[in-house]
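Enquirer: I'd like to go over a predicted model; first the sequence, then the structure.
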Amino acid sequence: MNDYMIRGTAFNGTVRAYGIRSTNLVEEARRRHDTFATASAALGRTMTASAMIGSMNKGDDTITVKIEGGGPIGAIVADADAHGNVRGYVSNPHVDFDLNDKGKLDVARAVGTSGTLSIIKDLGLKDYFTGEVPIVSGEISEDFTYYFANSEQVPSAVGAGVLVNPDHTIKAAGGFIIQIMPGATDETIDFIEKQIQSLPQISRLIEEGNAPEDILTRIFGEGQLKLLGESEVNFKCRCSRERLEQAISGLGVDEVAAMIEEDHGAEATCHFCNEVYQFTEDELREIKDKMNG
């Protein structure tokens, strides 16, 4: 099944909702970065939530999410745009632990609980908008929930889950974001809170074949969800050979000359997608000649 994401409202527009199936997205990230199970869950939850947050933007606006909790996994970074294109990586992909006392992957132990979650929004303006909050649990979903409430002052509930097979491939992944808008009644808020508390694991619901619409309907009840849009979700990196050439040019003539004379070429790897770019001596000479005008 293809990954996709939906946007909608409920309770006469007083609640905004996003739902996503991200199994293939997370599996592609796992494959590219060779993440172990716990690292896959941490990265997958982050990319799943980032995809939904990215869809809140318009046009070519993008967001970058960075989670640094002080744990052995290191930094988790994800980029997303308004069109469902997402990419991401973790500093240390080979992190894995035994299940925690709840029988789940111990994401909090991998991420850590002493650090920050930050979201940088590139809205095409001169300056970026950055929001940052302390990590409250290291479980990712709760940390995004805290971010919305404290950085953007939007009461929200964020759920993201990843189910990993014994061979470390991704069995199921998905999530939701529910946001309370002005005009929502206390009864509506209480109802949604109770529904979310009784909701099974998101990854299990996805595994059982539930679509994003089904999950949101379980939260809101039959007939409440009004769909506003749907989009595909894909792992897509913005790196290219041309971008790497520009980066090499930025190192300066002397550094490029050293690559030619000492290394007889250059190799560059994209953090986000692990794509490797090779540059021969002749190609480096061409870059150097362009730098010299």
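Expert: Arrived safely.
Enquirer: Check which strands are paired with the strand ranked longest in the chain and give the direction for each one.
Expert: As assigned by DSSP state E, the longest strand anywhere in the chain is strand 170-180. Each strand paired with strand 170-180, and its direction, by DSSP bridges: strand 15-21 (antiparallel), strand 156-164 (antiparallel).
Enquirer: for the stretch 51-200 of the chain, what spans make up the strands?
Expert: 62-68, 75-81, 85-90, 116-122, 129-134, 156-164, 170-180 (DSSP state E, counting those that start in this stretch).
Enquirer: got CSV for those, with mean pLDDT, mean neighbour count and distance to Asn210 too?
Expert: All C-beta spots, glycine's among them, are computed from the backbone N, C-alpha and C. Output for these, formatted as CSV (pLDDT from 0 to 100; neighbours: other Cβ atoms under 10 Å; distance: least, Cβ to Cβ, whole Å):
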stretch, mean pLDDT, mean neighbour count, distance to Asn210
strand 62-68, 96, 21, 25
strand 75-81, 96, 23, 23
strand 85-90, 97, 25, 21
strand 116-122, 93, 18, 28
strand 129-134, 93, 14, 30
strand 156-164, 97, 25, 12
strand 170-180, 98, 25, 8
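Enquirer: Please enumerate the helices of the stretch 101-250 of the chain.
Expert: Taking DSSP state H, counting those that start in this stretch to define them, one finds helices in the stretch 101-250 of the chain at 107-111, 141-151, 186-197, 202-207, 212-220, 241-249.
Enquirer: Flag every buried residue along the last one.
Expert: So the one you mean is helix 241-249. Residues Leu244, Glu245, Ile248 are the ones in helix 241-249 that count as buried (16 or more other Cβ atoms under 10 Å).
Enquirer: neighbours of the nearest residue to the last one once chain neighbours are set aside, just the number please.
Expert: So that's Ile248. Using Cβ to Cβ, 6 or more residues apart in numbering and skipping the chain neighbours, the partner closest in space to Ile248 is Ile287 (5.7 Å). Other residues lying near Ile287 total 21 when counted by other Cβ atoms under 10 Å.
Enquirer: right, and the strands of the stretch 51-200 of the chain - which one's nearest Asn234?
Expert: Smallest distance to Asn234 across the strands of the stretch 51-200 of the chain (Cβ to Cβ): 5.8 Å, for strand 85-90.
Enquirer: which residue ends up closest to the midpoint of the protein in space?
Expert: By Cα atoms, centre = their mean, the mean C-alpha position of the chain lies nearest to Met47, the distance being 1.8 Å.
Enquirer: coming back round to it: highest mean neighbour count out of the helices of the stretch 101-250 of the chain?
Expert: Among these, helix 107-111 has the highest mean neighbour count (mean count of other Cβ atoms under 10 Å), at a mean of 25.
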